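Novice: the following block contains a protein sequence and its predicted model.
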Amino acid sequence: MSIPIQRQYNSPNCTFSLHGFSDDSSNLSNGVPIMTVLTEAKCQILGNPTVLSGGVTFVANLLRAVSAYGQELLSGLTHSWTADDENDYIYLRKIPQKNRHVLVWQEKKEDTENQLEIELSTVQLFDLLETLDQFLADSSTLPHLNDSLSPVSRRYRQMEVSLVEQSTPAVFGLAGFALSAIALFLIPLPNEISDPNLEPTPPREENIELEQELPLEPPAVE
């Protein structure tokens, strides 16, 4: 008997919901039914009326596209990926003049006329990463879709990340590798570094000379 299941993952600027069912009532993860079959997934950036939706192909392409773009943004290197299916094609591109990003969905890879675009701020982008990371960390929802990600080496990072990107709150997994690298540049350098091996110099004491009191002369005897 199939069990209908609904899961939702949230961040301050993003909602990712999935509807499906378990094809085996005895298939549990820590007592929670495992969603093994997906009927529909929806992704929405809060404040934007556009809702992206689809099935397993949509979810897989969304994960790979957002992950590849996040690594490319921080490393400056192109991280290409190949979709298993030309349907629900997704990619992201940057708008340098506005320091913003565009998430593009196309019904088919070659069908550029039938597409949806969602403009994202950097904060919204990393909230999207965080939301998808919550989904990946949930072993009770489509565990076969876990995407393997490789953090970018630090020596390939670019120093042109904006202050807005640097101020993004820390998250885990997909976004964690990016923001942990950025966080290294947020720590201010001290003005003066003290040598811990040197003993502190005691405060200088001033010598105060006390005026010696002279004894009083005895009174004259008449």
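Specialist: Arrived safely. Note that the coordinates shown come from a computational prediction; the quantities given were computed from them, not determined experimentally. Residues are numbered from 1 along each chain as shown.

Novice: by mean pLDDT, flag the weakest helix or strand of this protein.
Specialist: The helix or strand of the chain with the lowest confidence, counting by mean pLDDT, DSSP states H and E, is helix 163-166 at a mean of 42.

Novice: mind listing the strands in the protein by residue range?
Specialist: 3-11, 14-22, 28-29, 32-33, 37-45, 51-54, 87-95, 100-108, 115-120 (DSSP state E).

Novice: now these as JSON lines including mean neighbour count, distance to Asn61 and mean pLDDT?
Specialist: All C-beta atoms are positioned from the backbone trio N, CA, C, and that covers glycine. Below are those laid out as JSON lines (neighbours: other Cβ atoms under 10 Å; distance: least, Cβ to Cβ, whole Å; pLDDT from 0 to 100):
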{"stretch": "strand 3-11", "mean neighbour count": "16", "distance to Asn61": "17", "mean pLDDT": "94"}
{"stretch": "strand 14-22", "mean neighbour count": "19", "distance to Asn61": "14", "mean pLDDT": "96"}
{"stretch": "strand 28-29", "mean neighbour count": "12", "distance to Asn61": "25", "mean pLDDT": "72"}
{"stretch": "strand 32-33", "mean neighbour count": "16", "distance to Asn61": "26", "mean pLDDT": "87"}
{"stretch": "strand 37-45", "mean neighbour count": "18", "distance to Asn61": "11", "mean pLDDT": "97"}
{"stretch": "strand 51-54", "mean neighbour count": "16", "distance to Asn61": "8", "mean pLDDT": "96"}
{"stretch": "strand 87-95", "mean neighbour count": "18", "distance to Asn61": "5", "mean pLDDT": "92"}
{"stretch": "strand 100-108", "mean neighbour count": "18", "distance to Asn61": "9", "mean pLDDT": "94"}
{"stretch": "strand 115-120", "mean neighbour count": "15", "distance to Asn61": "13", "mean pLDDT": "95"}
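
Novice: for the ones you listed, which one sits closest to Ala65?
Specialist: Closest to Ala65 of those, according to Cβ to Cβ: strand 87-95, at 4.2 Å.

Novice: point out the other helices and strands that the closest one packs with.
Specialist: helix 56-75, strand 100-108 (3 or more Cβ pairs under 8 Å, 6 or more residues apart in numbering; DSSP states H and E).

Novice: parallel or antiparallel, which strands does the last one pair with?
Specialist: Yep, that's strand 100-108 we're talking about. Strand pairing for strand 100-108, using DSSP bridges, gives strand 87-95 (antiparallel), strand 115-120 (antiparallel).

Novice: contacts for the shortest one?
Specialist: Applying Cβ atoms under 8 Å, 6 or more residues apart in numbering, the external contacts of strand 115-120 come out as 45, 48, 50, 52, 95, 100-107, 128.
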